[in-house]
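Novice: Sequence first, then the predicted structure:
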Amino acid sequence: MLPDLRLDSSTAMIRRRWPQWWDWELELGPHLFKRMLDRGFSELVLRAMLEHSRGYRPDIVEGRWVIVTSHRRRTWEVIVEPDFAAKRLVIVTAYPYWES
C-alpha cells in the first residue's frame, strides 16, 4: 500500500505521515544557538514550533529537510538533518520565511 502523499502546489510541501526520524531526540547544532539569539527565540519556542508544524519538503542540501511551521503569526522554516547512525534529529537553523 502506498503512503498517503499530497503536495501543496504552491510550496511543494509534503503533507503525509511524518517520517521515522520525526520522533527522534533533538540535537541542537552550534549554528542554531547563534541564530536563536539573533532571531529572538528559545529552545522552548523552537520545540513548540516543531510541535505545530504544517509539513515538510526536501532542502536544497541533500539529506536535509525544511519543516514549515509558524511563530508570532508568521511562517517559519526549520532546517533539520536526520542522523540515522545516532537516531537524532539535528536542528540546523530556523528563520522566518520572507514572502516576495
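Specialist: Arrived safely.
Novice: For the rest of this, base every contact and every neighbour count on C-alpha atoms.
Specialist: OK.
Novice: leaving aside the residues next to it on the chain, what's closest to residue 90?
Specialist: Spatial nearest neighbour of residue 90, excluding adjacent residues (Cα to Cα, 6 or more residues apart in numbering): residue 27 at 4.6 Å.
Novice: Helix or strand: which one has the one you found?
Specialist: Element membership for residue 27, per DSSP states H and E: strand 25-28.
Novice: For this protein, which residues score under the pLDDT cut-off?
Specialist: For the chain, the stretches flagged by pLDDT under 70 are 1-16, 99-100.
Novice: quick one, helices of it?
Specialist: When assigned using DSSP state H, the helices of the chain occupy the ranges 30-39, 43-51.
Novice: Packing partners of the shortest one?
Specialist: Contacts defined by 3 or more Cα pairs under 8 Å, 6 or more residues apart in numbering; DSSP states H and E place helix 43-51 against strand 65-71.
Novice: Which positions in the strand it packs on come out as buried?
Specialist: Going by neighbour count (16 or more other Cα atoms under 10 Å), the buried part of strand 65-71 is 65, 66, 67, 68, 69, 70, 71.
Novice: can you check stretch 75-91 too?
Specialist: For stretch 75-91, by 16+ other Cα under 10 Å, it's 76, 77, 78, 79, 80, 81, 82, 88, 89, 90, 91.
Novice: Would you mind giving these as JSON lines with distance to residue 58 added?
Specialist: What follows is the buried residues of stretch 75-91, written out as JSON lines (distance: Cα to Cα, whole Å):
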{"residue": "76", "distance to residue 58": "15"}
{"residue": "77", "distance to residue 58": "12"}
{"residue": "78", "distance to residue 58": "12"}
{"residue": "79", "distance to residue 58": "10"}
{"residue": "80", "distance to residue 58": "10"}
{"residue": "81", "distance to residue 58": "10"}
{"residue": "82", "distance to residue 58": "12"}
{"residue": "88", "distance to residue 58": "18"}
{"residue": "89", "distance to residue 58": "15"}
{"residue": "90", "distance to residue 58": "15"}
{"residue": "91", "distance to residue 58": "14"}
